[in-house]
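Chemist: Sequence first, predicted model second:
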Amino acid sequence: LTDESYDSMSDDIDCTGDGTTSITCQITDLGSDGTKNIYIACKDSWGNKDTAATNTDLTYTLSTVYTWSGAGDGTTWASDANWDGPSGYPSTADHKAVINSTSNSINTGGALTLGELELSGTFSGTLTLGGDLTLDDSASKNGNLTISSGTLDVSASNYTINIDGNWTKTGGTFNSRSGTVDFTKSSGTQTLNSGGTDSGSDFYNLTHSGAGTVQLQTNAIKITGNFTNSAGTFDGGSVSDILIYRDFTLSGGTFTSTSGTLTIGGSAGDFNMSDGTTFNHNSGTVKFIGTNTSIDVPGTITFYNLTIYKGWSGNAEDLRYISLDPADTLIVEGNFNFARGYCRNGTIDANGSITIGNETGSALGANTNLLIDNDAIDQSFSIPDGAGAPKITLDNPNTTITILGDATGGSLIIQQGTFVGGS
């Protein structure tokens with residue numbers, strides 16, 4: 001604020017009162033935390049006005065940061081006695097809560113909205129959610145969550161965390177149970193540093209519903225439930241790995257994969273991509289593992305490297321599969337490695353090197369079309385003895401396909417190239 005005369009004051013607020021014993025001024029926005037000045041200039045009934053030299057200067061200190069002391073019962077969030085700082089306790093988007101000491105077991109006692117939350121310092125206790133937690137950047141704070149010590153637990157009720165700001169975990173524990181974390185920033189970028197892929201850093205369900213961008217930083221991330229991007233951009237950047245144990249759903253916006261490896265599967269693992277969305281491979285690898293996977297894309301999708309390594313119980317008839325719509329095509333610009341499993345339907349357009357594994361019973365499937373047509377390189381490969389061959393369209397004069405032993409499969413169309421049959 002600027003010390004100005006009555007006539008020069010900008011952004012002025014009219015005050016009320018009798019002009020003699022009391023004056024009341026209501027200021028709706030006191031600004032950010034810190035020491036501030038307020039200047040008050042008056043005009044009397046005869047028209048005399050304060051100058052910059054005669055107006056009143058009030059100094060105040062604004063703090064919306066609450067620090068946990070646990071001096072009350074050491075448990076209840078909504079207890080003034082447990083907090084140092086302003087009167088009351090943190091409960092709005094204007095407030096930042098800092099828990100940096102004690103070994104208390106704290107419960108929020110219900111749904112809670114904050115501007116920021118920080119678990120740090122020597123805190124060795126647990127903050128358990130008693131309702132959904134919202135970290136809101138719409139007021140004076142940035143909506144960040146920081147965990148460097150202690151434990152944040154979504155509770156057995158699996159409450160949701162909605163976050164507008166950055167997620168930064170450099171220590172401590174995040175107990176995700178079967179809860180959901182939803183990144184909700186409406187514009188701009190929010191960063192996500194997971195802290196790693198250990199059991200105290202992983203997510204269960206991770207959703208990005210905000211129109212802004214989520215940018216992965218520093219560490220690989222493990223999602224033991226489902227991943228959904230319904231709006232905005234999710235940017236995997238250059239983190240080493242993104243692990244998704246269940247379903248990958250791109251229902252809106254853009255997904256830019258990691259330049260490392262995106263692994264999908266485990267206990268489940270369908271891949272769903274809606275019309276109007278964008279998948280950017282970022283020159284990384286997509287790997288399908290685990291149990292059966294259905295892949296549903298709007299016609300085509302382009303991967304860089306693609307690896308299929310599905311689970312089995314040791315019997316060929318129990319091999320897990322990936323299943324494509326007959327009209328869908330997976331374009332592979334880099335390496336295609338079909339290590340283990342079974343593929344149903346669709347087309348795989350392989351533009352780089354091709355590797356077919358030798359696991360007993362593995363098969364690209366007679367109803368899957370393998371298209372080989374990048375005549376700029378040698379794409380030669382072998383189909384192991386006993387493996388199932390797909391329908392093959394060979395249109396590359398530099399490529400030789402060799403059958404090692406016996407193989408069963410679909411039709412063979414040779415437009416250019418060489419085919420060497422087995423026994």
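Modeler: On my side now, so go ahead. Numbering: from 1, shown residues only.

Chemist: residue ranges with poor pLDDT in the stretch 1-150 of the chain?
Modeler: When the per-residue scores of the stretch 1-150 of the chain are filtered using pLDDT under 70, the ranges that remain are 1-3, 5-6, 9-39, 41, 44-45, 55-63.

Chemist: residue boundaries of the helices in it?
Modeler: For the stretch 1-150 of the chain, no helices are identified by DSSP state H, counting those that start in this stretch.

Chemist: quick one, strands of it?
Modeler: For the stretch 1-150 of the chain, strands defined by DSSP state E, counting those that start in this stretch occupy the ranges 16-17, 23-24, 34-40, 56-62, 65-68, 83-84, 96-99, 105-107, 112-114, 116-119, 126-128, 133-135, 145-147.

Chemist: again with the stretch 301-423 of the chain
Modeler: In the stretch 301-423 of the chain, the strands defined using DSSP E, counting those that start in this stretch lie at 305-310, 321-324, 329-332, 336-340, 342-344, 347-350, 354-356, 369-372, 381-383, 388-389, 391-403, 408-409, 412-420.

Chemist: Show me how far stretch 388-406 is from its chain's centre.
Modeler: Average the C-alpha atoms of stretch 388-406, do the same for its chain, and the two points are 40 Å apart (CA atoms, centre = their mean, to the nearest Å).

Chemist: Spatially, which residue comes closest to residue 42, not counting chain neighbours?
Modeler: Nearest non-adjacent residue to residue 42, counting by CB to CB, 6 or more residues apart in numbering: residue 50, 5.4 Å away. Placement of C-beta: from N, CA and C, glycine included.

Chemist: my guess is the one you found meets residue 43, correct?
Modeler: Yes: the criterion here is CB atoms under 8 Å, and residue 50 meets it with residue 43 at 7.4 Å.

Chemist: Could you measure from the residue lying closest to residue 322 once chain neighbours are set aside over to residue 342?
Modeler: Sequence neighbours aside, residue 293 is the residue nearest to residue 322 in space, at 4.6 Å (criterion: CB to CB, 6+ apart). According to CB to CB, to the nearest Å, residue 293 stands 11 Å off from residue 342.

Chemist: and the closest residue to residue 196 other than its chain neighbours, what is it in contact with?
Modeler: Distances taken as CB to CB, 6+ apart place residue 219 nearest to residue 196, at 5.0 Å, with adjacent residues excluded. Counting by CB atoms under 8 Å, 6 or more residues apart in numbering, residue 219 makes contact with 193, 194, 195, 196, 197, 201, 239.

Chemist: Please repeat the previous calculation with a cut-off of 7 Å.
Modeler: By CB atoms under 7 Å, 6 or more residues apart in numbering, the contact list for residue 219 reads 193, 194, 195, 196, 239.

Chemist: ok, now residue 348?
Modeler: Residue 348 is in contact with 330, 332, 336, 368, 370, 371, counting by CB under 7 Å, 6+ apart.

Chemist: By neighbours, which of the residues you listed wins?
Modeler: For the contacts of residue 348, counting by other CB atoms under 10 Å, the largest number of neighbours falls to residue 368: 27 neighbours.

Chemist: coming back round to it: how about the contacts of residue 219, which pair is most distant?
Modeler: Spanning the widest gap among those are 195 and 239, at 11.9 Å by CB to CB.

Chemist: related to what we said a few turns ago, where's the residue nearest to residue 42 relative to residue 8, distance?
Modeler: Here the criterion is CB to CB. By it, residue 50 lies 11 Å from residue 8.

Chemist: Looking at those two, which is more packed in?
Modeler: Neighbour totals were compared for residue 50 and residue 8, and residue 50 leads with 19 against 12 (other CB under 10 Å).

Chemist: What values do phi and psi take at the more buried one?
Modeler: When read as degrees, to the nearest 10, the backbone of residue 50 gives phi -70, psi 150.

Chemist: ok, for residue 127, nearest residue in space, not its chain neighbours?
Modeler: For residue 127, ignoring the flanking residues on the chain, the nearest one in space by CB to CB, 6+ apart is residue 106 at 4.8 Å.

Chemist: Tell me who's in contact with the one you found.
Modeler: Residue 106 makes contact with 75, 77, 125, 127, 128, according to CB under 7 Å, 6+ apart.

Chemist: Can you select the buried ones from those residues in PyMOL?
Modeler: Here is the PyMOL command that picks out the buried ones among the contacts of residue 106, judged by 16 or more other CB atoms under 10 Å:
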select buried, resi 77+125+127+128
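
Chemist: can I get the contacts of residue 106 in JSON lines with distance to residue 419?
Modeler: As requested, these are arranged in JSON lines below (distance: CB to CB, whole Å):
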{"residue": "75", "distance to residue 419": "73"}
{"residue": "77", "distance to residue 419": "71"}
{"residue": "125", "distance to residue 419": "68"}
{"residue": "127", "distance to residue 419": "64"}
{"residue": "128", "distance to residue 419": "64"}
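
Chemist: wait, which of the contacts of residue 106 is closest to residue 260?
Modeler: Taking CB to CB as the measure, residue 260 sits nearest to residue 127 out of the contacts of residue 106, at 31.9 Å.

Chemist: and the two most separated of the contacts of residue 106?
Modeler: Comparing all pairs in these by CB to CB, the longest separation belongs to 77 and 125, at 12.6 Å.

Chemist: Need the per-residue pLDDT for the residue lying closest to residue 355 once chain neighbours are set aside.
Modeler: For residue 355, ignoring the flanking residues on the chain, the nearest one in space by CB to CB, 6+ apart is residue 337 at 4.5 Å. Reading off the confidence values, residue 337 has pLDDT 94.

Chemist: Wait, residue 337 touches residue 307, no?
Modeler: Yes: with the criterion set as CB atoms under 7 Å, residue 337 and residue 307 qualify as a contacting pair; they are 4.4 Å apart.

Chemist: What distance separates the opening and closing residues of stretch 73-86?
Modeler: Between the start and the finish of stretch 73-86 there is a gap of 18 Å, counting by CA to CA, to the nearest Å.

Chemist: next one: stretch 158-178
Modeler: Terminal residues of stretch 158-178 lie 6 Å apart, using CA to CA.

Chemist: and it, average pLDDT?
Modeler: Here the average pLDDT along stretch 158-178 is 98.

Chemist: and that stretch, which residues are buried?
Modeler: Of the residues in stretch 158-178, those buried under the neighbour-count criterion (16+ other CB under 10 Å) are 159-169, 172-176.

Chemist: And for stretch 254-269?
Modeler: Those buried within stretch 254-269 under the rule 16+ other CB under 10 Å are 254-265, 268-269.

Chemist: where's residue 199 relative to residue 248, distance?
Modeler: Here residue 199 is placed at a distance of 21 Å from residue 248 (CB to CB).
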